[in-house]
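Trainee: could you look at this predicted model? Sequence included:
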Amino acid sequence: MFSKSNLISTIANTIWIYFGGYFLWEILGPSLFEGYEESAPEQLHLIIACLILSFAFSTIYSKLSGDGHSISHGINYGLWAGILIGFGERWFDLAFGMHSLTDSITNGILNLIIFIVMGIITSLVYGKLNGKTS
């Protein structure tokens, strides 16, 4: 769980989520979401959330990946994680009236992008450090 691969993957993905999320939701977001209201996140909690998500993502990847770490495996893993979080979890926001249908779909797509890139980063780190690719 605290292997070199897992820790490096966690750090790399934390950086990606923080800056990639900023780009997707703060730079592109205002033009994509209906009735977008600017709100500044509390940076410490945002970084902690990025770190927790990255660590869990990398740890689960290490348990499910077996011996192979290909980019296609990382994309597949990221796609399913994105569907789970981006559409599964975020659809609850729609059910509780927190977003419109368009916002929920847009948020799901942006989450897919975040998680697919995370899968690629994770598979590359594990592949390079463990020397096994499939």
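Mentor: Yep, that arrived.
Trainee: elements contacting the lowest-mean-pLDDT helix or strand in the chain?
Mentor: Using mean pLDDT, DSSP states H and E, helix 29-32 stands out as the lowest-scoring helix or strand of the chain, at a mean of 78. Helices and strands touching helix 29-32, by 3 or more CB pairs under 8 Å, 6 or more residues apart in numbering; DSSP states H and E, are helix 101-130. Where C-beta positions appear, they are placed from N, C-alpha and C, glycine not excepted.
Trainee: residues near Leu101, how many?
Mentor: 10 (other CB atoms under 10 Å).
Trainee: measure the residue lying closest to Ser3 once chain neighbours are set aside to Ile27 for me?
Mentor: Using CB to CB, 6 or more residues apart in numbering and skipping the chain neighbours, the partner closest in space to Ser3 is Ser62 (7.1 Å). Separation of Ser62 from Ile27 (CB to CB, to the nearest Å) stands at 32 Å.
Trainee: neighbour count winner among the two?
Mentor: Using other CB under 10 Å as the criterion, Ser62 and Ile27 rank with Ser62 on top: 18 against 9.
Trainee: surely that one touches Leu7?
Mentor: No. If you go by CB atoms under 8 Å, Ser62 and Leu7 don't touch, sitting 10.9 Å apart.
Trainee: and the most centrally placed residue in the chain, what does it touch?
Mentor: Against the mean C-alpha coordinate of the chain, by CA atoms, centre = their mean, the closest residue is Phe115 at 3.4 Å. Phe115 is in contact with Phe57, Gly78, Leu79, Ala81, Gly82, Ile85, Gly86, counting by CB atoms under 8 Å, 6 or more residues apart in numbering.
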